[in-house]
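**Student:** the sequence isn't on hand, but the structure is:
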């Protein structure tokens, strides 16, 4: 019975990790339902700064009209804009400009 404390420690660790992952999944499911990114959620970037300064409540500019439409866009439609990264394009070896 010397392995019982180890088994209890592993069980507690697994329990905590399960709840951590479950909380992250729930949080990101809520973000998908609102059609927001994590950055927009924390910085409240879905409303304009001028509207916030004036105290005007503005509708979410990225929302598609409801939970079903937002989830459909996130899971089935994908990105609305084409990627600017071309994986087959050769890399140019030009030096970067100094001074940003």
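**Tutor:** Sure, I can see it. Note that the structure is a prediction, hence the values are computed from the model and not measured.
**Student:** continuing past the helix or strand of the chain with the lowest mean pLDDT, what's the next helix or strand?
**Tutor:** Counting by mean pLDDT, DSSP states H and E, the weakest-scoring helix or strand in the chain turns out to be helix 49-54, with a mean of 56. Sequence-wise, the next helix or strand downstream of helix 49-54 (DSSP states H and E) is helix 67-72.
**Student:** can you get me a residue count around residue 36?
**Tutor:** 19 (other CB atoms under 10 Å). In short, each C-beta sits where N, CA and C put it, glycine included.
**Student:** that one in helix, strand or coil?
**Tutor:** Here residue 36 is recorded as coil under DSSP: H, G, I helix; E, B strand; the rest coil.
**Student:** give me phi/psi at it?
**Tutor:** Backbone torsions of residue 36, given as degrees, to the nearest 10, read phi -120, psi 160.
**Student:** residue 86 now?
**Tutor:** Residue 86 has phi and psi values of phi -110, psi 110 when expressed as degrees, to the nearest 10.
**Student:** measure it to residue 94 for me?
**Tutor:** In this structure, residue 86 and residue 94 are separated by 16 Å, where distance is defined by CB to CB, to the nearest Å.
**Student:** point out where the protein drops to low pLDDT.
**Tutor:** Across the chain, residues meeting the criterion (pLDDT under 70) sit at 1-3, 44-65, 78-84, 96, 99-100.
**Student:** how does it look with 50?
**Tutor:** Scanning the chain with the threshold set as pLDDT under 50 gives no residue ranges.
**Student:** go through the strand or helix carrying residue 19 and flag the buried ones.
**Tutor:** Taking DSSP H and E as the definition, residue 19 sits inside helix 4-34. Neighbour-count burial for helix 4-34 flags 31, 34 (criterion: 16 or more other CB atoms under 10 Å).
**Student:** does anything pack onto it? Which helices or strands?
**Tutor:** Here helix 4-34 is seen to pack against helix 38-43, helix 67-72 when contacts are counted using 3 or more CB pairs under 8 Å, 6 or more residues apart in numbering; DSSP states H and E.
**Student:** out of those helices, flag the one nearest residue 29.
**Tutor:** The minimum distance between residue 29 and the helices and strands packed on helix 4-34 falls on helix 67-72, with 8.7 Å, by CB to CB.
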